[in-house]
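Trainee: What would the 3D arrangement of this be:
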Amino acid sequence: MLNIVICLLVSAVVNVCLTTFTKLDVMYSYAAGFVTFLLLYFLITRYIMKKVGGLMESAQRDLQAGRTEKAVKTLQGGFKYSNWQFYVKGQLNSQIGMILYLKKDFSPAFEYLQKGFVRHWISMGMLGICYMKRNKAGKMIETFDKAAAATKKEPLIWNLYAFCLEKVGEKAKAIDILEKGLKKTGGDERLQGNLEALKEGKKMKMKGYGDLWYQFHLEKTGAIVKQQTKAMQGRRKIVRR
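Mentor: Here you go, the predicted model:
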C-alpha cells in the first residue's frame, strides 16, 4: 500500500535527521519517527476513506434515482484509491457486484463478487448463490463458510446458507448449519422456525425478511402474491358456504 510506503519513508527521514543533526537520544529519535508514522498514516487513511465515502454516497444517490449505470461508473472511479488503502478494492467490488446482481446482470456481477470483501455478507451471499446456480456446490459451501465466519451474529446469512444447502439436496447439512447458527447468534426466532420446518420435512420460510430476502432473487415476489391471492380466494369460498 502506497500510504504505508510513504509513512515509512517520512518516518525514516525524521529519524535520520534527528539522529544526525541533533543531540537527541537515539531512542527518542526512533520514538519521534514512530509517532510521525502513526500520525501521517492516520491523516492519509482519513483522507482516502473520505474520498471513497463520498463516491459511495454519490453512487447511493444515483441508485435511489434509478441511475444504476452511473452508480457503477462512480464506484469504478474509486479503484484509483485501491493502492492507497487496504480493503478499498474489495469493498468497491462488493458494492458493484451487488448492484449488478440486483439488476439480474448475473455474469458481470459474478466477476465483481468474486473479488469482493469477505466481511460484506450480502455480497458474499450473492456470490454463494452464483456458485450454486453454476452447479459448484463445493465453492458455494466454501463461500458461505467464509461469510458466516466473518459475520457470525447475522441470522439471515445462516438462513440463506441453509436454504441453498437444502436446494442442492444437502438437507442434513442445512440442519447442521441452522443449529450452528442458533448457537452463534445466541438464538433467533426465524432460525429456530426453519430448523423445525426442515426436521419436519417442510420448506423453509424466508419471506418474513421482506426485501432483504427478495434481493437474492431466490424467490419471486410475484409467486408470493399469487399464493396469497389464492389463499384469500379460498377463504372467500369458505365464507360463502
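Trainee: and the chain, what are its domains?
Mentor: By the assignment in automatic domain parsing, the chain contains the domains 1-117, 119-229.
Trainee: Show me the residue at the heart of this structure, geometrically.
Mentor: The centre of the chain sits closest to His120, judged by C-alpha atoms, centre = their mean, with a distance of 1.8 Å.
Trainee: doesn't Ile157 make contact with Thr185?
Mentor: No: with contact defined as C-beta atoms under 8 Å, Thr185 does not reach Ile157; the gap is 9.6 Å. Every C-beta, even on glycine, is put in place using the N, C-alpha and C of the backbone.
Trainee: neighbour-wise, which of these two wins?
Mentor: A direct count of neighbours by other C-beta atoms under 10 Å for Thr185 and Ile157 places Ile157 higher, at 25 against 16.
Trainee: Nearest spatial neighbour of the more buried one, chain-adjacent residues omitted?
Mentor: Trp121 (4.9 Å; C-beta to C-beta, 6 or more residues apart in numbering).
Trainee: ok, so what distance separates that neighbour from Phe106?
Mentor: For Trp121, the distance to Phe106 equals 19 Å [C-beta to C-beta, to the nearest Å].
Trainee: Between those two, which is the more surrounded one?
Mentor: Neighbour count, other C-beta under 10 Å: between Trp121 and Phe106, Trp121 has more, with 21 against 16.
Trainee: my guess is the more buried one meets Lys152, correct?
Mentor: No: using C-beta under 8 Å, Trp121 is not in contact with Lys152, being 10.0 Å away.
Trainee: Including mean pLDDT, could the domains of the chain go into TSV?
Mentor: Output for these, formatted as TSV (pLDDT from 0 to 100):
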stretch	mean pLDDT
domain 1-117	89
domain 119-229	91
